[in-house]
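[1] Next comes the sequence, and after it the predicted model I'd like to discuss.
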Protein chains: 4
Amino acid sequence: MVEAPAPRGRPRDERSHAAIVTAAAELVAEVGYHATSVSAVAARAGVGKDTVYRRWSGKAGLVYEAVFTVTDNSPLPDTGSLEGDLRVLVQGLIDEFSAPAAAAALPGLLADFAADPALRDSIRGTFLRPARERLLELFARAEGRGETVAEVPDTLVLDALVGTVFFHLGIIGERPDRDLARRIAAITAKGIEAR
Amino acid sequence: MVEAPAPRGRPRDERSHAAIVTAAAELVAEVGYHATSVSAVAARAGVGKDTVYRRWSGKAGLVYEAVFTVTDNSPLPDTGSLEGDLRVLVQGLIDEFSAPAAAAALPGLLADFAADPALRDSIRGTFLRPARERLLELFARAEGRGETVAEVPDTLVLDALVGTVFFHLGIIGERPDRDLARRIAAITAKGIEAR
Amino acid sequence: MVEAPAPRGRPRDERSHAAIVTAAAELVAEVGYHATSVSAVAARAGVGKDTVYRRWSGKAGLVYEAVFTVTDNSPLPDTGSLEGDLRVLVQGLIDEFSAPAAAAALPGLLADFAADPALRDSIRGTFLRPARERLLELFARAEGRGETVAEVPDTLVLDALVGTVFFHLGIIGERPDRDLARRIAAITAKGIEAR
Amino acid sequence: MVEAPAPRGRPRDERSHAAIVTAAAELVAEVGYHATSVSAVAARAGVGKDTVYRRWSGKAGLVYEAVFTVTDNSPLPDTGSLEGDLRVLVQGLIDEFSAPAAAAALPGLLADFAADPALRDSIRGTFLRPARERLLELFARAEGRGETVAEVPDTLVLDALVGTVFFHLGIIGERPDRDLARRIAAITAKGIEAR
DNA sequence: AAATAATCGAGACGGTACGTCAGGTCTTAAA
DNA sequence: TTTAAGACCTGACGTACCGTCTCGATTATTT
């Protein structure tokens, strides 16, 4: 087991952490990702810049935590069909990507993550993990029901779902249509059915 | 008919234009989108900054033209099936997005485009137009063969194809797998078939 | 005798000259010397920049002509005393330096002249010439009246008169006091009297 | 009594201040006032531009401090006569204005000061203050000796002395003649004597 | 109690890029 | 050859943000 490394000196103030995250989320929603600066976040949080850099490596990491902290861990409802389950999953992505702060942050955020090897790895490892677990659970259910799924890497299916939603809403800026989740789920479900 | 607005004064030097575009493409491929600056592009092109800003509104517009000028207008080969045609189309996207300059530029570029309303509109209007025309041609062929396609907006299908490739390669940084085009085409073709 | 160099091609448009000078004088009075640019002068005059540079070497020479063209050549009135004559001469300098365009132009203009050897020489040769001629005339009258003047270079006296007025009004920005000419003339007259 | 405003944050580095001032003085002496830029000063001082703009409003204020910091506070020697005392004072002005950096800076510097209301006020308040104090001391001595001085504002006498020296040396570019101080002092002393 | 050590808010630090503007030159078609 | 127009290269402007460093002042643990 890993020992805590014996904390010495003044402990970090947890309230600073919360204030920074809140300030970052607000700023991103108000002025966008590009116009959000670490200086401005620190100023709004009533905190020194060092206090931010002591906890995060830069704007990207900070905004990521500020915008995507609320991971929905509620179990995926069982709709009884692969397509129905996928629709719920996709609707979740749509809701997540349509939130004001997320919509304002996503393109710039993912660009910054993609440009940094360390951060890039955390996209699959952290950002996509919950969605991937849900997708695997969903596949398992389908198999349990006897629905066979074609031989296709789950990461590719996930990239297709996330990439489609991200590009459609985040890059193009399309408003989330009422039928969007249904259509994406329908195509994907039929597309990956065996036979 | 629209009259040319009677050009007055010294005409723009076409060699400057070409030098700037070349310098931009090289720089992006060498140091990445973020580290590419208008000043550096101008310096490498042997041109004043004004000459750049006279023709482009900023880094985003310039890099876009530098990286995505070579529109492939060759007619889409007719493979005899929707899935086959889609595979060619998707492979074209993969090749386009995997080129060194494009791969280095895409995430930051699309983020900057998404952040500017004027540029954002040009994504559909310019960047996606050739691919969309190919897609429509491909749908027309399928109908001509009697293959019926489900009621689904072509822009959504396009966003799905482009979004998937962009996210998989550009954001996640996955290497373009040998089977990538085949798999995406297979899922999509089956997914949008009527029935 | 000097031959005219056989004018070939389109002759210069004299109206351009006048338009440029007028535009320059107006601009200097409105926005000051620093904010006056050759581009702006040309634009206001409805003239190309080249047409300006073909006639003047730059902003300094142009503004000089625009602001100090109206040389007062009226003969200096004979007041009957050195001090009285000096007072009239100094009042003339004050009036000249207090005109809106001149006041706005002088400090920057003289600075630019001082920085360029060619222009610098023209301060004595052109700008100060009329005043110097008046001063010499004034000395001649004094001698004619039997008033003896101490051995002092006339250029130094002139520099003292002009420098005092220029510094007091142009640099410090003092408003031209009612007694200013009288006081300067009194000091100078007494100061240069023999004995 | 005025409280020190409780300095917060990292204090300014005094070595930066000195390095900037030195670099500015050197540059002005080497390339002149016009060709001296804030960027070049910062680069030579090994300092960011922000560090310069944090302390000075622009080139004018910076160069002023760089060139005219060394105020000569030595007491004016008592020569026993108004004219002698004036000669010492004027010689001091000549020496000050003839120093390489000062000669290169003065015309442009005073032009920039004259163009900015805030800086303009500091000419009398700062630049001319030492000379004015000397002049007043000199008048007091004269009165103490029984030499009566005509009713004339001391600021006008000062403007005459400074203006004459500045115009003669700075604008016209005359070399400081051996007799210059003597002549100016003689004219002024006689000119302001009562009777 | 004293010493040690990490944190805090504040803001200065050296860099770098921004987008604008002026300078003075050059190139066009028309006069 | 001049004209109006305007593109050309150069280089300075003053601003903003980056991520680091330096203050004096806290706030904890260790001696």
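    It's in. Numbers count the residues shown, from 1 in each chain, chains lettered A, B, ... in the order given.
[2] Hmm, A:F127 is touching A:T69, no?
    No: using C-beta atoms under 8 Å as the test, A:F127 is too far from A:T69 to be in contact (11.5 Å). Bear in mind the C-beta positions are built from the backbone N, C-alpha and C, glycine included.
[3] okay, now A:G146: neighbour count?
    Neighbours of A:G146 under the rule other C-beta atoms under 10 Å in any protein chain shown: 6.
[4] A:V157 now?
    The tally of other residues near A:V157 (other C-beta under 10 Å) stands at 23.
[5] measure the residue sitting nearest the centre point of chain A to chain C for me?
    Centrality entry for chain A: nearest residue to the mean C-alpha point is A:F127, 4.5 Å, by C-alpha atoms, centre = their mean. Noted for A:F127: a distance of 52 Å to chain C, by C-beta to the nearest C-beta, to the nearest Å.
[6] And the helices in chain A?
    A:14-35, A:38-45, A:49-53, A:59-67, A:82-98, A:100-115, A:117-122, A:129-144, A:154-165, A:180-192 (DSSP state H).
[7] what's the pLDDT at the closest residue in space to A:A42 that isn't next to it in sequence?
    Distance criterion C-beta to C-beta, 6 or more residues apart in numbering or on different chains; nearest residue to A:A42, sequence neighbours excluded, is A:K49 at 4.7 Å. Looking at A:K49, its pLDDT stands at 97.
[8] for A:V41, same thing?
    On the pLDDT scale, A:V41 is placed at 98.
[9] What residues does it make contact with?
    Contacts for A:V41 were tallied using C-beta atoms under 8 Å, 6 or more residues apart in numbering or on different chains; they are A:I20, A:A23, A:A24, A:L27, A:V52, A:L62.
[10] if I read this right, the fourth one contacts A:V38, doesn't it?
    When you say that, I think you mean A:L27. No: in this structure, A:L27 sits apart from A:V38 without contact. The criterion is C-beta under 8 Å, and the distance is 10.2 Å.
[11] between these two, who's got more neighbours?
    Under the criterion of other C-beta under 10 Å, the comparison of A:L27 against A:V38 puts A:L27 first, with 23 against 17.
[12] Any idea how many residues pack against the residue nearest to the more buried one when sequence neighbours are not counted?
    Once flanking residues are discounted, A:L27 sits nearest to A:T36: 4.6 Å by C-beta to C-beta, 6+ apart. One way to gauge burial is a neighbour count; for A:T36, by other C-beta under 10 Å, it gives 26.
[13] Check A:R10 too.
    With other C-beta under 10 Å as criterion, A:R10 counts 6.
[14] Poorly predicted segments of chain A, please.
    Counting by pLDDT under 70, the low-confidence segments of chain A come to A:1-5, A:195.
[15] Pull up the residues of it that are close to chain C.
    Contact residues of chain A with respect to chain C, defined by C-beta under 8 Å from any C-beta of the partner chain, are absent.
[16] picking up where we left off before, surely the residue nearest to A:A42 is in contact with A:S37?
    No: in this structure, A:K49 is not within contact of A:S37 by C-beta under 8 Å, at 9.9 Å.
[17] quick check: domain ranges of chain A?
    Listed domain ranges for chain A are A:14-67, A:82-192 (source: automatic domain parsing).
[18] With respect to DNA strand F, which of those lies nearest?
    Between DNA strand F and these, the tightest spacing by C-beta to the nearest atom of the strand is seen for domain A:14-67, at 3.5 Å.
[19] okay, now the closest residue to A:D116 other than its chain neighbours: neighbour count?
    Once its chain neighbours are removed from consideration, A:D116 has its nearest residue in A:A60; the separation is 7.1 Å (C-beta to C-beta, 6+ apart). Number of residues near A:A60 (other C-beta under 10 Å) recorded here: 22.
[20] ok, now how distant is A:A60 from B:V152?
    Look at A:A60 and B:V152: by C-beta to C-beta, to the nearest Å, they are 35 Å apart.
[21] returning to what we had before: highest neighbour count among the contacts of A:V41?
    Greatest neighbour count in the contacts of A:V41, by other C-beta under 10 Å, goes to A:A24: 28 neighbours.
[22] before we move on, back to that, how near is the residue nearest to A:D116 to DNA strand E?
    Distance, A:A60 to DNA strand E, using C-beta to the nearest atom of the strand, to the nearest Å: 17 Å.
[23] burial count for A:P153?
    In terms of burial, A:P153 registers 12 neighbours under the definition other C-beta under 10 Å.
[24] That one: what's it in contact with?
    For A:P153, the set of contacting residues under the criterion of C-beta under 8 Å, 6+ apart consists of B:R183.
[25] repeat that for 7 Å
    A:P153 makes contact with no residue, according to C-beta atoms under 7 Å, 6 or more residues apart in numbering or on different chains.
[26] Got phi/psi on the residue of chain A found nearest chain D?
    Closest to chain D within chain A is A:G48: 9.0 Å, counting by C-beta to the nearest C-beta. Main-chain dihedrals, A:G48, degrees, to the nearest 10: phi -80, psi 150.
[27] Quick check: it touching A:A42?
    Yes: with contacts counted by C-beta atoms under 7 Å, A:G48 reaches A:A42, the gap being 6.3 Å.
[28] So for those two, which residue has more residues nearby?
    A count of neighbours by other C-beta under 10 Å puts A:A42 above the other of A:G48 and A:A42, at 21 against 13.
[29] and the more buried one, how far is that from chain C?
    The span separating A:A42 from chain C equals 38 Å under the rule C-beta to the nearest C-beta.
[30] same deal with A:P130?
    Counting by C-beta to the nearest C-beta, the gap from A:P130 to chain C is 60 Å.
[31] Can you tell me the closest non-neighbouring residue to that residue?
    Counting by C-beta to C-beta, 6+ apart, the nearest residue to A:P130 once its immediate chain neighbours are dropped is A:T71, at 5.3 Å.
[32] What residues of stretch A:29-40 count as buried?
    Residues of stretch A:29-40 classed as buried under the neighbour-count rule (16 or more other C-beta atoms under 10 Å in any protein chain shown) are A:A29, A:G32, A:Y33, A:H34, A:T36, A:V38.
[33] Spit out the contact partners of the last one.
    Listed by C-beta under 7 Å, 6+ apart, the contact partners of A:V38 are A:K49, A:V52, A:K59.
[34] which ones are touching the last one?
    I take that to be A:K59. A:T36, A:V38.
[35] With distance to D:G191 added, can I get the helices of chain A in CSV?
    CSV is the format used below for the helices of chain A (distance: least, C-beta to C-beta, whole Å):
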stretch, distance to D:G191
helix A:14-35, 65
helix A:38-45, 61
helix A:49-53, 63
helix A:59-67, 70
helix A:82-98, 85
helix A:100-115, 73
helix A:117-122, 79
helix A:129-144, 92
helix A:154-165, 89
helix A:180-192, 92
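[36] B:P100: which of those helices is closest?
    Between B:P100 and the helices of chain A, the shortest separation by C-beta to C-beta is 14.8 Å, and it involves helix A:100-115.
[37] so what secondary structure elements neighbour the closest one?
    Using 3 or more C-beta pairs under 7 Å, 6 or more residues apart in numbering or on different chains; DSSP states H and E as the contact criterion, the neighbours of helix A:100-115 among helices and strands are helix A:14-35, helix A:59-67, helix A:82-98, helix A:117-122, helix B:100-115.
[38] Show me what from chain A comes close to DNA strand E.
    Neighbours of DNA strand E within chain A, by C-beta under 7 Å from any atom of the strand: A:8-13, A:16, A:43, A:46-51, A:54.
[39] repeat that for 6 Å
    Selection of chain A residues close to DNA strand E by C-beta under 6 Å from any atom of the strand yields A:8-10, A:12-13, A:16, A:46-51, A:54.
[40] now, which of these lie close to DNA strand F?
    A:R8, A:G9, A:R10, A:K49, A:D50.
[41] farthest-separated two in these?
    Across these, the two lying at the largest distance from each other (C-beta to C-beta) are A:R8 and A:K49, at 23.5 Å.
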